[in-house]
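Asks: fold the following and give me the result.
(2 chains)
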Amino acid sequence: MELSRRHFIEASLGTGMIGSLGACASLAPAQAESGMPAWHIGYQNAPRDGFAPAPLNLVFGKPPADLKGSLYRNGPAQFQYGEDYASHWFDGDGLVHRIAIENGTAVHQASFVGTRKRQEELAADKFLAPGFGTLGDESYSVQSSDDVNAANTSVLMVNGELLALWEAGSAFAMNAETLETTGPKTWRGDLKGMPFLAHPKTEPDGRVWNLAVGGPRVGIYRISKTGQLEDFGMVDIGRAAYIHDWTMTERHLIILVQPWINENLRPPVVAGFEWQPQHGLQMLIVDKDDFSNQRWAQAPARMFFHTGSAWEESDGTIKFDVVLYKEPVLGVGGGAAEIRGEWRGHDTFYDGLMTQVVNTTSGEAKLVETDIAGEFPQVDPRYRGKRRQLTALTSGATTARPGTIGLATHNWETGESRNFEFGDNRIVEEFLFVPKAGSQSDLDNWLVGPVLNLKAGVTEICVFDAANVSDGPVCIWQADYSWPLGFHGTWA
Amino acid sequence: MTRTSTLFAAIAASMMAAPLAAASDLTVNVEGISEAKGSIMMGLFDEATYNGDGAVTGANLTVEGNSVTAVFDGLEPGEYAVRLYHDVNDDGEMNTNPFGMPTEPFAFSNDAKGRFGPAKWDDAKFTVESDGTVHTITMN
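Replies: The predicted structure is shown next:
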């Protein structure tokens, strides 16, 4: 961290400047509701029609001339109807954002995904559907997984089609320009309504792999770069483990079977989790060319949400990075309290540590921990499944509020970590790798992501140089308003 | 973020039994059929049979447009419910995805809908009067 740099940014982006930008009334900088802490703007409803395209203001630095494309992101954005709060952060309706960047300018727009849940709850002006942390209203019929689909977790772009992702139902197709919802995506007739996990993996050549998780049975999708389903198969992972993410090398899929088990199929799902550390963290390694060709590996018991990426050494050793927790963090109620503006403090015991898992062919995996506490690990998409150097992740925590305070990188070849801390006044979200023009290495990347400025009450888009994050942002664009904290995104 | 798919297997299982039969009093119109092919496989149940495998009677109706009509003769007046599915590919089964969720359209009388399973009897039941009854189901 370079304090002087951070303080300079802080000083140049004070609230006085924001007041002069002339935001229209409906999109004025969010103010925490009476009695609510400043950070609660990250958990407040977005406008019901989303956000019409609006330019962001360049408030710091010089945008890279070669940075051109769109940052698409998804996250829950409906937390309250009247006096009623959502039961869990994960159950908020998905709001899909597009931040289009070109010639040094950035334009933000966002639309809610038009799910049945969204449409009926909006019409009724109340929460109806059951979900991850929600029992739901008895009057709300549920005849398919998509009846409860919140479409709020991530996005995927395949062959120009934008998909809003959830983990227990279909992907929802959207128009990548207008963000209008087309409807649930059916990859093949016999797979209608199958879950499509929110962490698909795209090979450098454009082929997409993903999982369908339903208890101990897991489906595997292989999708061509033109968006056609090439193959689908089922594998048995032995237990109804919670699977939010997974990883892959060029030749293998690695399905992490963590000992966080949920046999309970009834909502609220969060109530059915059981920590069973005696099983350890198991990994099913599946041959991409023959799903029946499998082997298992075993590591000490850990819980995880997100992997970085994996590669394979010449001797068959598989290495991947993942943020690992000693015990499940949701078990302490995370995600339900924050919506109500409640913060129960930060306990380092529940920090996730950036860790490299080393799987030799013996089947006994070794955990190599770094000292970086963080989340949302990301890698250069050109190196997915391949040997590479960098992982970037949000990092650090504060006792003052939820959310991370900084951005870190770790170089797996040199062992060097770098980070930049924004401090208590900004919540840092997932940053994505965007290769620089002419880039020949995963060190030659921009990192692009949102930061919620609590002091000014607005959302910012920041760009870092991936090789030098400790130098601070290269540039910052600032919206005239804030939008709720999100989960994951993609660059296209 | 729920994992509920296997619950929908119960819906599929409930749709499998739709035996052939015939006779008077009740006309069931099925509208809003999305694909003009295959068959509507319809079962008519009373309270005693609704949650079991057997139906009072049933009909297999060839789909050539967006609606079909079934006529059941000689029923005892009283309460009945219809369960049906659209066998789009005419393979005689209600197809499901690998997690047991139906992939072919289905419906219940009163356009009733279930919650993690088939519609409840109380929601799907209707009365067949002694002088005849017409009941319409709309697929969606």
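Asks: give me the number of residues near residue A:83?
Replies: Residues within reach of residue A:83, counting by other Cβ atoms under 10 Å in any protein chain shown, total 5. C-betas here are computed from N, CA, C, even on glycine.
Asks: actually residue A:414, sorry about that
Replies: Residue A:414 - counted by other Cβ under 10 Å - has 8 other residues nearby.
Asks: likewise residue A:371?
Replies: Counted with other Cβ under 10 Å, residue A:371 comes out at 8.
Asks: quick check, it in contact with residue A:417.
Replies: Yes. Residue A:371 is in contact with residue A:417 according to Cβ atoms under 8 Å; the separation is 7.5 Å.
Asks: got the residues of the stretch 1-150 of chain A near chain B?
Replies: A:90-91, A:130-132, A:138, A:140-145, A:148, A:150 (Cβ under 8 Å from any Cβ of the partner chain).
Asks: which PyMOL command selects the buried ones in the residues you listed?
Replies: Typed into PyMOL, the line below selects the buried ones among the residues of the stretch 1-150 of chain A next to chain B, using 16 or more other Cβ atoms under 10 Å in any protein chain shown:
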select buried, chain A and resi 90+91+130+131+132+140+141+142+143+144+145+148+150
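Asks: secondary structure, pLDDT and distance to residue A:434 added to the residues of the stretch 1-150 of chain A next to chain B, as JSON lines?
Replies: Below are the residues of the stretch 1-150 of chain A next to chain B laid out as JSON lines (DSSP: H, G, I helix; E, B strand; the rest coil; pLDDT from 0 to 100; distance: Cβ to Cβ, whole Å):
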{"residue": "A:90", "secondary structure": "helix", "pLDDT": "92", "distance to residue A:434": "28"}
{"residue": "A:91", "secondary structure": "helix", "pLDDT": "94", "distance to residue A:434": "31"}
{"residue": "A:130", "secondary structure": "coil", "pLDDT": "95", "distance to residue A:434": "38"}
{"residue": "A:131", "secondary structure": "coil", "pLDDT": "92", "distance to residue A:434": "33"}
{"residue": "A:132", "secondary structure": "coil", "pLDDT": "88", "distance to residue A:434": "31"}
{"residue": "A:138", "secondary structure": "coil", "pLDDT": "93", "distance to residue A:434": "47"}
{"residue": "A:140", "secondary structure": "coil", "pLDDT": "97", "distance to residue A:434": "41"}
{"residue": "A:141", "secondary structure": "coil", "pLDDT": "96", "distance to residue A:434": "43"}
{"residue": "A:142", "secondary structure": "strand", "pLDDT": "96", "distance to residue A:434": "40"}
{"residue": "A:143", "secondary structure": "coil", "pLDDT": "95", "distance to residue A:434": "41"}
{"residue": "A:144", "secondary structure": "coil", "pLDDT": "94", "distance to residue A:434": "37"}
{"residue": "A:145", "secondary structure": "helix", "pLDDT": "94", "distance to residue A:434": "33"}
{"residue": "A:148", "secondary structure": "helix", "pLDDT": "97", "distance to residue A:434": "34"}
{"residue": "A:150", "secondary structure": "coil", "pLDDT": "98", "distance to residue A:434": "28"}
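Asks: what's the closest of the residues of the stretch 1-150 of chain A next to chain B to residue A:50?
Replies: Using Cβ to Cβ, residue A:150 comes nearest to residue A:50 of the residues of the stretch 1-150 of chain A next to chain B, at 15.3 Å.
Asks: how about the closest one, phi and psi?
Replies: Dihedral pair for residue A:150: phi -90, psi -10, per degrees, to the nearest 10.
Asks: measure it to residue A:296 for me?
Replies: 33 Å (Cβ to Cβ, to the nearest Å).
Asks: quick check: mean pLDDT of stretch A:222-229?
Replies: Stretch A:222-229 comes out with an average pLDDT of 98.
Asks: chain center to that stretch, what's the gap?
Replies: In terms of Cα atoms, centre = their mean, to the nearest Å, the centre of stretch A:222-229 is found 22 Å from the chain centre.
Asks: pull it out as PDB, backbone CA atoms only.
Replies: Extracted C-alpha coordinates of stretch A:222-229, given in PDB (Å, rounded to 0.1, in the frame of the first residue of the first chain):
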ATOM      1  CA  ARG A 222     -19.000 -28.700 -23.400                       C
ATOM      2  CA  ILE A 223     -20.000 -25.800 -25.600                       C
ATOM      3  CA  SER A 224     -18.300 -24.700 -28.800                       C
ATOM      4  CA  LYS A 225     -17.100 -21.100 -29.300                       C
ATOM      5  CA  THR A 226     -20.100 -20.600 -31.600                       C
ATOM      6  CA  GLY A 227     -22.500 -21.500 -28.700                       C
ATOM      7  CA  GLN A 228     -23.500 -25.000 -29.800                       C
ATOM      8  CA  LEU A 229     -23.600 -27.800 -27.200                       C
END
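Asks: can you list the buried residues in it?
Replies: A:222, A:223, A:227.
Asks: in contact with the second one, which residues?
Replies: The contact partners of residue A:223, taken as Cβ atoms under 8 Å, 6 or more residues apart in numbering or on different chains, are A:158, A:187, A:207, A:208, A:209, A:210, A:229, A:230.
Asks: of those residues, which is the nearest to chain B?
Replies: Using Cβ to the nearest Cβ, residue A:187 comes nearest to chain B of these, at 10.5 Å.
Asks: mind listing the residues bridging to the closest residue to the closest one other than its chain neighbours?
Replies: Closest residue in space to residue A:187, ignoring its immediate chain neighbours: residue A:229 at 4.3 Å, by Cβ to Cβ, 6 or more residues apart in numbering or on different chains. Applying DSSP bridges to residue A:229 gives these bridge partners: residue A:223.
Asks: again with the one 4 residues further on
Replies: Beta-bridge partners of residue A:233, counted by DSSP bridges, are residue A:220.
Asks: counting neighbours, what do you get for the closest residue to residue A:270 other than its chain neighbours?
Replies: Of all residues not flanking residue A:270 in the chain, residue A:133 sits nearest, at 4.5 Å (Cβ to Cβ, 6+ apart). Residues lying near residue A:133 (other Cβ under 10 Å) number 23.
Asks: quick check: phi and psi at residue A:279.
Replies: According to degrees, to the nearest 10, residue A:279 has phi -80, psi -20.
Asks: mind saving the C-alpha coords of stretch A:148-160 as CSV?
Replies: What follows is stretch A:148-160 as a C-alpha-only set of coordinates in CSV (Å, rounded to 0.1, in the frame of the first residue of the first chain):
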residue,chain,number,x,y,z
VAL,A,148,-37.2,-19.5,-8.4
ASN,A,149,-34.3,-18.4,-10.6
ALA,A,150,-32.8,-15.1,-9.4
ALA,A,151,-30.3,-14.9,-12.3
ASN,A,152,-28.1,-12.8,-10.1
THR,A,153,-24.6,-14.3,-9.9
SER,A,154,-22.6,-13.8,-13.1
VAL,A,155,-22.6,-13.3,-16.8
LEU,A,156,-21.2,-15.2,-19.8
MET,A,157,-20.7,-14.0,-23.4
VAL,A,158,-20.9,-16.8,-26.0
ASN,A,159,-20.8,-16.0,-29.6
GLY,A,160,-22.2,-12.5,-29.0
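Asks: and it, what's buried?
Replies: Buried residues in stretch A:148-160 (16+ other Cβ under 10 Å): A:148, A:149, A:150, A:151, A:152, A:153, A:154, A:155, A:156, A:157, A:158.
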